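quick one: sequence and predicted model below, then my questions.
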Amino acid sequence: METIKKKEKNEIITVPNIISISRLVLSPVLLLFILSGKTFEALIIFIVAVSTDFFDGAIARIFKQKSNLGALLDPMGDKVLMTISFIALSIPSINTPNVIPIWLTVTVIGRDIYIVLGAVLAFKLISRKKFPPTITGKMSTVFQMATPLSILFFNIWKIESRFLSLLFVLTFITTIISGIHYTSIGMKWLKESKPRNKNEK
């Protein structure tokens, strides 16, 4: 039974993995449409890409197709999609009348880099391999996904909306909070590992 479970975790070709890869493939397509000024097409691609984030996780849980590769591809797909979306939609010359503020783009991408570096550090120092998502992390992801979606939607109709200012602030706040939360979790892991390391010596 244990051998079978290990085999399942090491599987590469699974439906969730294929869906996650499709998100990675759609990301440069999204970039191309945004740079080309094809806002409607970009919105459709973004909606499809975001939908894959829901389906790959749901299918993996329902049909028990979780794998080590999937655990890597899923967050990677999210980060690539968000990075491309935020950077491309922060360029005023190709996005009218609304753009994502540079300060928000820097915050979102900066937090992601910070978390990745923290995960690498946790692996090096305490051999931590699993990094489960948090409520604050999921909340920030929802607002981050809503930001490019809203920008594209309002830009199709050439509408300047006050709603976007509120969304930017909420995205910023939840992103910062999630970063602080992940930091506290990392510090807790580090603290819990110290007694064990002493006993091993």
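On my side now, so go ahead.

where does residue 130 land in three-state SS?
Look at residue 130: counting by DSSP: H, G, I helix; E, B strand; the rest coil, its state is coil.

gap between it and residue 189?
Here residue 130 is placed at a distance of 11 Å from residue 189 (CB to CB, to the nearest Å). Heads up, the C-betas are built off the backbone N, CA and C, glycines and all.

these two: which has the busier surroundings?
residue 189 (14 against 6; other CB atoms under 10 Å).

contact partners for that one?
Residue 189 makes contact with 122, 126, 128 under the criterion CB atoms under 8 Å, 6 or more residues apart in numbering.

mind listing what's buried along the helix or strand that it is a member of?
Assigned by DSSP states H and E, residue 189 falls within helix 163-200. Buried residues in helix 163-200, counted by 16 or more other CB atoms under 10 Å: 164, 167-168, 170-172, 174-175, 178-179, 181-182, 185-186.

need the residues that contact stretch 84-98.
Residues contacting stretch 84-98 (CB under 8 Å, 6+ apart): 27-28, 30-31, 34-35, 37, 46, 99-102, 104-105, 108-109, 144, 147-148, 151-152, 154-155, 158-161, 164.

can you pull the buried residues of it?
84, 85, 86, 87, 88, 89, 90, 95, 98.

and what of stretch 102-120?
Those would be 104, 105, 107, 108, 109, 111, 112, 115, 118, 119, for stretch 102-120 by 16+ other CB under 10 Å.

ok, so of the residues you listed, who is nearest residue 13?
residue 119 (26.0 Å; CB to CB).

from residue 37, how far out is the closest one?
37 Å.

show me where pLDDT drops low in the chain?
Applying pLDDT under 70 to the chain flags the ranges 1-10, 195-201.
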